[in-house]
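[1] Sequence first, predicted coordinates after that:
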Number of protein chains: 2
Amino acid sequence: MTDIEAYMLKLGSQARSASREIAKATTAQKNSALQAIAEAIHCQCDQLLAANQLDLAAGHEKALESALMDRLELTEARIDAMIEGLRQVAALDDPVGAISDLKYRPSGIQVGRMRVPLGVIGIIYESRPNVTCEAASLCLKSGNATILRGGSEAIRSNQAIAECISQGLEAAGLNRHVVQVLDRVDREAVGKLITMPQYVDVIVPRGGKGLIERISNDAKVPVIKHLDGNCHLYIDDKADLEKSISVAVNAKTQRYGTCCTLESLLVASGIAEKVLPPLADQFQQHQVELRGCEKTRSIIDGVGEASEEDWETEYLAPVLSVKIVNDVDEAIDHINKYSSQHTDSIMTEDHSRAQRFLREVDSSSVMINTSTRFADGFEYGLGAEIGISTDKLHARGPVGLEGLTSQKYIVLGDGHIRQ
Amino acid sequence: MTDIEAYMLKLGSQARSASREIAKATTAQKNSALQAIAEAIHCQCDQLLAANQLDLAAGHEKALESALMDRLELTEARIDAMIEGLRQVAALDDPVGAISDLKYRPSGIQVGRMRVPLGVIGIIYESRPNVTCEAASLCLKSGNATILRGGSEAIRSNQAIAECISQGLEAAGLNRHVVQVLDRVDREAVGKLITMPQYVDVIVPRGGKGLIERISNDAKVPVIKHLDGNCHLYIDDKADLEKSISVAVNAKTQRYGTCCTLESLLVASGIAEKVLPPLADQFQQHQVELRGCEKTRSIIDGVGEASEEDWETEYLAPVLSVKIVNDVDEAIDHINKYSSQHTDSIMTEDHSRAQRFLREVDSSSVMINTSTRFADGFEYGLGAEIGISTDKLHARGPVGLEGLTSQKYIVLGDGHIRQ
């Protein structure tokens, strides 16, 4: 057994036994731990900033990209946001122990379901130290133990945050192994983390497509995947013109880099000549590059040619592909073929087309007359989110506290026996 | 590409496109297909029996075990039960399209969840031809396409049933590829089935532990596992004596071969001397062999010594392991260590101990004062079950129609844009 393997098995075994403790912790205990972690982070703000400075210096030396350096950086404002996030999670309802659907059966037994933690959650993410705190708080509140593996560039910041988390857990009388942050960031450690089902119940990878595909391929543990967001808006010929323009522009331009940003616009041929010219004007003002099908290019000038690849691409940039389709059928077919099953929306005033779109588009969020930018745990009222699942099993769409739990059956009898 | 691989890819691609059709089929269409399948089976009863005779003759030649031969056999009564099963599934509520939790958010959008099919379900099972019909009917009703791979010994029976299913689907105007039964039963076909995530969304293996573990290990598709049932009953010192004896005897002896049969009895030391002697009498009458810990053996005579292995064993036979524990804490620890997380029950009249057991035992069904034999989709009111999941993600416990679906988010707006 290698050194790393032994280290990971030790962490796993500690997490498994801590998970038994946190599963039965009271809501008050978990909330007081969250408050104590917030307090520890508040008091140790200077140490966190100092540790982060070392990470930043090392990143500078390695000539990390500026986007990466930005995500790596902790500022006082970001630390305050972490503290505020902890307090918000403390204020959320505790999902654990909630009983639903308890009913009497003809045999006389009562059958219902109780919400319970998943157990041990492994989270693999990139070099954003605030994720350490956010992920830990959600897992803690939902009664799970967690093993966190952040990007190597943030290792000193993460260790400093981990120390605050441990202090908070202990202050609340909880096992410090409820949250463990890897201090070994080798690939081998990740490889082990995703292949020890005896200790880890689910893996949540956060990061680029490459990372997530690699993990899904190698894992022997279920993975809650968050893949890319190739999101569509279909403007039906029965759509309201003004609403359509406003929603399309918002969905594309409100923020370019999020997974619920619009990447592909479909327009019914019956409305294309009316809606595309004013839309093209607006996109030009926002300096959004359009890439269109042949028909699109015959209606508006200065549009590049969209290739097959464009229909599949999540640009995360001021670029939008545009295609003219015959009707809602062609729109649904196109979306079910090219969408990444993240978020897709229709603009229409026609009730039955809206209903068909809602039912037949096979994506984790399907919208009517709404900007795709709303696909987010906070906007949906989950209070927080650990990611947006594009999987079909277990959790689809934004994953909040409930997505970190499952339901077991409970049966209440009074000496009932089966005939 | 091998021949089998090409065959499986063709089936997969047909299933994927059929899944789009069945997902949007109306409840009436699905029910009429189920009725038409029942009708086809009724009319072709003789052909089914003839095909089954060929399977039985081949099984006889291969000298299959009698238990296997029994499961393989179709009789008129079994065919009638298949027909009755189809009609029962037709009578169940359609889970697809049900909308729940639709609420207004402060932004003005309405957010809710809609129940949707999983897509394509692969089912791998042993040589019980009736499972072909049962599994197909549940997948069909829940709006999924399915690829069925039954045991090689039942191939002729399964093909005859498959023909009736195809006829029924076509009579209802549905795509015959909604249900496909493999006519190649090579291992390579299974290997391909569980590694084509582009065409298969989930695998449900039904069968022995070996089969399920092999599939879970090799699959690149999520698996809804149904592992073994090492079920426990804990008799607390505050339990009612009569109820405890009646429930323990029922849980062990009502049927020996089911996954919710009691396999291990835990008794609080405070009640052991009162409850064990009458229990031992009853078990003797039922010819159940007891294997006990040292303390058990000092209280009742003629009890063999339980080894560490006994605590882990699902006997599926008239054998029961018995252990005396100090209290509910030790019982919960023992169960969380040795149970297969299937079904575990406590006998107690003490409210807070019952509540602790309910919350802290980490199994898919947790019971109070009830025989473990109730852990079953019909008893729970699911109408039918495709298996009992001992997994933690997605579905836990008996899996009915709802377990073959998931929920997507739906968002209704009126031109809402994100600020």
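    In hand now; what should we look at?

[2] mind checking the longest helix of chain A?
    Secondary structure of chain A read by DSSP state H shows that its longest helix is helix A:3-23.

[3] following it, which helix or strand shows up next?
    The first helix or strand that comes after helix A:3-23 along the chain, using DSSP states H and E, is helix A:27-43.

[4] Near the residue in the stretch 51-200 of chain A positioned nearest to chain B, how many other residues are there?
    Using Cβ to the nearest Cβ, the single residue of the stretch 51-200 of chain A nearest to chain B is A:V111, 4.9 Å away. For glycine as for every other residue, the C-beta is placed from the backbone atoms N, C-alpha and C. For A:V111, the neighbour count with other Cβ atoms under 10 Å in any protein chain shown is 26.

[5] and it, what are its phi and psi?
    The phi/psi pair for A:V111 (degrees, to the nearest 10) reads phi -120, psi 130.

[6] Pretty sure A:I99 is one of the things it touches, is it not?
    No - using Cβ atoms under 8 Å, A:V111 is not in contact with A:I99, being 10.9 Å away.

[7] what sits in contact with each of those two?
    Here A:V111 and A:I99 share the contacting residues A:I410, scored by Cβ atoms under 8 Å, 6 or more residues apart in numbering or on different chains.

[8] tell me which parts of the stretch 51-200 of chain A are close to chain B?
    Taking Cβ under 8 Å from any Cβ of the partner chain as the contact definition, the stretch 51-200 of chain A meets chain B at A:97, A:103, A:105, A:107, A:109, A:111, A:114, A:116, A:118-119.

[9] on that earlier part again, which residues outside the longest helix of chain A are in contact with it?
    Contact partners of helix A:3-23, identified using Cβ under 8 Å, 6+ apart, comprise A:1, A:30, A:96, A:116-117, A:119-120, A:140, A:143-147, A:174-175, A:177-178, A:180, A:182, A:184, A:186, A:188-189, A:192-193, A:196, A:198-200, B:336, B:360, B:362.

[10] tell me the contacts of the closest residue to A:D201 other than its chain neighbours?
    Computed as Cβ to Cβ, 6 or more residues apart in numbering or on different chains, the closest residue to A:D201 that is not its neighbour in sequence is A:G119, at 3.9 Å. When contacts are counted by Cβ under 8 Å, 6+ apart, A:G119 touches A:16, A:19, A:23, A:144-145, A:201-202, B:362, B:392.

[11] follow-up on the earlier one: for ChimeraX, what selects the buried ones among the residues of the stretch 51-200 of chain A next to chain B?
    Applying 16 or more other Cβ atoms under 10 Å in any protein chain shown to those leaves a buried subset, and the ChimeraX line that selects it is:
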select /A:97,105,107,109,111,114,116,118,119
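
[12] And the helices in the stretch 201-350 of chain A?
    Ranges of helices in the stretch 201-350 of chain A, per DSSP state H, counting those that start in this stretch, are A:209-218, A:241-253, A:269-285, A:294-299, A:308-312, A:328-338.

[13] Could you say which of these is packed most deeply?
    helix A:241-253 (a mean of 21; mean count of other Cβ atoms under 10 Å in any protein chain shown).

[14] quick one: that one to helix A:269-285, angle?
    Helix A:241-253 and helix A:269-285 are oriented at 50 degrees to each other (axes from the mean of the first three to the mean of the last three Cα atoms, to 10 degrees).

[15] Give the rounded mean pLDDT of helix A:241-253.
    The average of the pLDDT scores along helix A:241-253 is 98.

[16] my guess is A:D391 meets A:I224, correct?
    Yes - using Cβ under 8 Å, A:D391 is in contact with A:I224, at 6.3 Å.

[17] The two: who's more crowded?
    Shown here are A:D391 and A:I224; by other Cβ under 10 Å, A:I224 has more neighbours (26 against 23).

[18] can you pull the pLDDT of the more buried one?
    On the pLDDT scale, A:I224 gets 88.

[19] Enumerate the beta-bridge partners assigned to A:L262.
    Legend: beta-bridge partners of A:L262 under DSSP bridges are A:C231.

[20] neighbours of it, just the number please.
    Neighbour count for A:L262, taken as other Cβ under 10 Å: 29.
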